[in-house]
Structures are given as C-alpha cells and as structure tokens.
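Participant: coords please:
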Amino acid sequence: MKKTLLQLTQSILSDMDSENVNSISDSVEAQQVASVIQDTYYNIVAARAIPEHDRLIRLTALADNTRPTHFVYPTELKEIRLFEYNGREVHWKDPVKFLNDMPEDGIEVLDPLSSAKLYIRNDKNPRYYTSFDDQYIICDSYDASVDTTLQTNKTRCWGTVTPTFSLTDDFVPDIDEVLFPYLLAEAKSACFSLFKAGSDPKVEQAARRLKSFVQNDQYKTRKANVRNLYGRRSR
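Facilitator: As a prediction, this is how the structure comes out:
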C-alpha cells in the first residue's frame, strides 16, 4: 500500500520510540526523519529504472531563426529512449560523427554555448540528432518550406524524468507499491544509524531482503530482455 510522507514519518518515529506527531512540522525530529526519507527516495530512484518515471515527453524548441534545429532538454528529463518528429523517428548520432557528417553546402548556425559553427540542411525533416553539452539538442535538418524552425508540437519522445519530492504531509512518493516497504526499511535503517547511535539488526535484515525482492518486481507487465536499439542520452 502506498503511504504519505506523514505516514512514513510516523512509522519510523514509532519504531524509534520517539514522540508521535500529527504533522511533519510538529517537531524537529519529525522534520529530520522526513528529510532522511527524501534522501533515501532519491538514492533509490537514482540507482534503478523505475517504470513510474517513464513517460511521453515533448522537447522544448529553441524557436530561434538563427538556430532552427535546436531544442532544449526539459529540466526534469533524465533520459530519452525514443525521439520522433512529425511522426518519424529521429535517430541519435554520436557528436563526432554528427560533426563529420555535416553537409558542406548546408546553412550555417552557431552553437549556443561555444558559438562554434555548425552546418545543417533546410530542405527536409530531421533524421538525426545529437547533443554536445547535455543541454541543447541539435537536429541535422528542417524543412524551411513548412516551418521557420522545428516545432515543439511536432515532437514526441519517450523517456525517463527525474521525479520531485515535496516535504509536505500528504505527499505520496512517486514509486510503485512494491517499493514502499523498501523505501521505509532503508529510511528507517538510516534514521536508526543517524539518530539512535547505531543500526537495528532486524531493520538492516529487512532492508536487505526487500532490496533483493524489488529488483525483479517493479513492472506491472512482465517484459523479456530486449536489446536497446535507440540512441539515447542520460545524465
């Protein structure tokens, strides 16, 4: 069962024989425990692929006539696994190969950060994209007869976003139900270590057992091992 941040905090306080609270703002200790839960949550989501954080995404077009094929990665984006423009897949190309394959007769654009010269085509929709800085995407072409720049509303991507965590009573961490016992066990273990001058063997044992369990029980639909055929980027 999913739990709110307040419920997770109350559970840990109870196991530590600490004062119960009706809000995480009721005591300094409750705020400290909630902060540990937040840190534990980010440690968990950073170390594994969690299906709840996969979603369809639109890239943000730079909308600059001097850089017509540039997009900006959304701030919450962690990784792209599929990029489509106007219904067709745009493939990742290594930055060095992208530079080597630039057309000699292409139009000149400047890289936003370095002002280095890049060359693109303006007679077709993009087929390849790359990134030199993990901030901007540049595509190899655009169709100037249709649009003056590539458009946000013609993008469709599938990838992973970095979730947010709110230190409020009713916040529910964005993970599947099977991960909640693991989150609670890991946070509880950290709280015992930080605030009770030592770990509890039973809490440590539960955390280890749950860690093994959740490795293969995150997806609602079982999936075979599939080789990734998409170009991708990650932070």
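
Participant: packing partners for the longest strand belonging to the chain?
Facilitator: Counting residues, the longest strand found in the chain (DSSP state E) is strand 77-85. For strand 77-85, the packing partners by 3 or more C-beta pairs under 8 Å, 6 or more residues apart in numbering; DSSP states H and E come out as strand 155-161, strand 233-234. (C-beta placed from N, C-alpha, C; glycine too.)

Participant: who does that strand pair up with?
Facilitator: strand 88-89 (antiparallel), strand 155-161 (antiparallel), strand 233-234 (antiparallel) (DSSP bridges).

Participant: closest to residue 73 out of those?
Facilitator: strand 233-234 (8.1 Å; C-beta to C-beta).

Participant: the helices in the chain, which residues?
Facilitator: With DSSP state H as the criterion, the chain has helices at 5-15, 28-47, 95-100, 180-195, 201-214.

Participant: I'd like those written out as CSV, with mean pLDDT, distance to residue 79 and mean neighbour count added.
Facilitator: Shown next, in CSV, are those (pLDDT from 0 to 100; distance: least, C-beta to C-beta, whole Å; neighbours: other C-beta atoms under 10 Å):
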stretch, mean pLDDT, distance to residue 79, mean neighbour count
helix 5-15, 96, 26, 20
helix 28-47, 92, 12, 18
helix 95-100, 96, 17, 13
helix 180-195, 90, 22, 20
helix 201-214, 50, 20, 15
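
Participant: need the pLDDT of the closest residue to residue 145 other than its chain neighbours.
Facilitator: The shortest distance from residue 145 to any non-neighbouring residue, by C-beta to C-beta, 6 or more residues apart in numbering, is to residue 123 (7.6 Å). With respect to pLDDT, residue 123 has a value of 95.

Participant: what is residue 123 paired to in the beta sheet?
Facilitator: With DSSP bridges as the rule, residue 123 is bridged to residue 143.

Participant: quick check: most distant residue from the centroid of this protein.
Facilitator: residue 105 (37.7 Å; C-alpha atoms, centre = their mean).

Participant: burial measure for the residue nearest to residue 53 when sequence neighbours are not counted, as a count.
Facilitator: Residue nearest to residue 53 in three dimensions, not counting chain neighbours: residue 160, with 5.1 Å by C-beta to C-beta, 6+ apart. The number of residues packed near residue 160 is 23, by other C-beta atoms under 10 Å.

Participant: then residue 89?
Facilitator: 12.

Participant: so which of the helices and strands packed on strand 77-85 is the most packed in?
Facilitator: strand 155-161 (a mean of 19; mean count of other C-beta atoms under 10 Å).

Participant: returning to that earlier point: of the strands paired with strand 77-85, which is nearest residue 14?
Facilitator: Comparing those by C-beta to C-beta, strand 155-161 comes nearest, at 33.2 Å.

Participant: and the angle for that closest one with helix 28-47?
Facilitator: Angle, strand 155-161 to helix 28-47, by axes from the mean of the first three to the mean of the last three C-alpha atoms, to 10 degrees: 120 degrees.

Participant: restrict strand 155-161 to CA atoms and write it as CSV.
Facilitator: The C-alpha coordinates for strand 155-161 follow below in CSV (Å, rounded to 0.1, in the frame of the first residue of the first chain):
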residue,chain,number,x,y,z
THR,A,155,7.9,16.2,-31.2
ARG,A,156,7.1,13.0,-29.4
CYS,A,157,9.6,11.4,-27.1
TRP,A,158,9.6,8.5,-24.7
GLY,A,159,12.0,8.6,-21.8
THR,A,160,12.6,9.0,-18.1
VAL,A,161,12.1,12.0,-15.9
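
Participant: want to throw the helices and strands packed on strand 77-85 into TSV with mean pLDDT?
Facilitator: Formatted as TSV, those follow (pLDDT from 0 to 100):
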stretch	mean pLDDT
strand 155-161	93
strand 233-234	48
